[in-house]
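Novice: I would like the atomic coordinates for the input below:
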Amino acid sequence: MEKLDRAAAEKKFLSSDYLKDGNFRQRWVWRYLTDSEILSELEPYQPVIAGTIPIEIDTLDSDLDILCGFDCGDGFMEFLEARFSACEGFEVKKVVKQGLTSVVAKFRAETLSIDIFGQPIAPVEQMAFVHMINEYLILQERGEDFRREVIKLKEKGVKTEPAFARLLGLEGDPYQLLADSK
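Specialist: Numbering: from 1, shown residues only. Reported below is the predicted structural model:
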């Protein structure tokens, strides 16, 4: 894993180009996203890939998270319905996350579960992106053995943030702790 500081890590993950030179799953995801033109179609919403796949702690059950920013939640929801409603398992709903009205769409495409998450803020300000960057920096600092331990916990059903908190010996809300670990 290439060692980067926070600013360089944020810049790296703003584009999906790093996926084409990544591990097998990352390369597959990059080809799928390129061939399907999903990111191109989401371009008005500044799509950013987040979650476990970019930072190489994904498991077979991991989904692909795409973060988006929007000005109008209803318009974003209508776009998602128009573009993805024919996809297997499609569902879209409004939820409140971090006090913001958010839109979540889930569906399957080929062998991949995809979650598209939108909020009325830029994707880089969303907690999923903040967590991913903080987790990436921790992985760089702690090394390959730590990464493997995170994956082992995830394979046992532990969510990502609680897995990090457990391995780091942190007590309290793991989601808040990882958001604050700048």
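Novice: any idea how far the residue nearest to the spatial centre of the chain is from residue 82?
Specialist: The residue at the geometric middle of the chain, judged as the C-alpha nearest the mean C-alpha position with Cα atoms, centre = their mean, is residue 50 (2.2 Å). In this structure, residue 50 and residue 82 are separated by 23 Å, where distance is defined by Cβ to Cβ, to the nearest Å. C-betas here are computed from N, CA, C, even on glycine.
Novice: quick check: buried residues in the worst-scoring helix or strand of the chain on mean pLDDT?
Specialist: In the chain, the helix or strand scored least confidently by mean pLDDT, DSSP states H and E is helix 174-180, which has a mean of 83. Buried positions in helix 174-180, judged by neighbour count with 16 or more other Cβ atoms under 10 Å: 174-175, 177-178.
Novice: widest-spaced pair of those residues?
Specialist: In terms of Cβ to Cβ, these reach their longest pairwise distance at 175 and 177, which sit 7.3 Å apart.
Novice: who touches both of these two?
Specialist: residue 161 (Cβ atoms under 8 Å, 6 or more residues apart in numbering).
Novice: about what we covered before: list just the nearest of the buried residues of helix 174-180 to residue 124.
Specialist: Each of the buried residues of helix 174-180 was scored against residue 124 by Cβ to Cβ, and residue 178 proved nearest at 15.8 Å.
Novice: I'm done for today, thanks for sticking with me.
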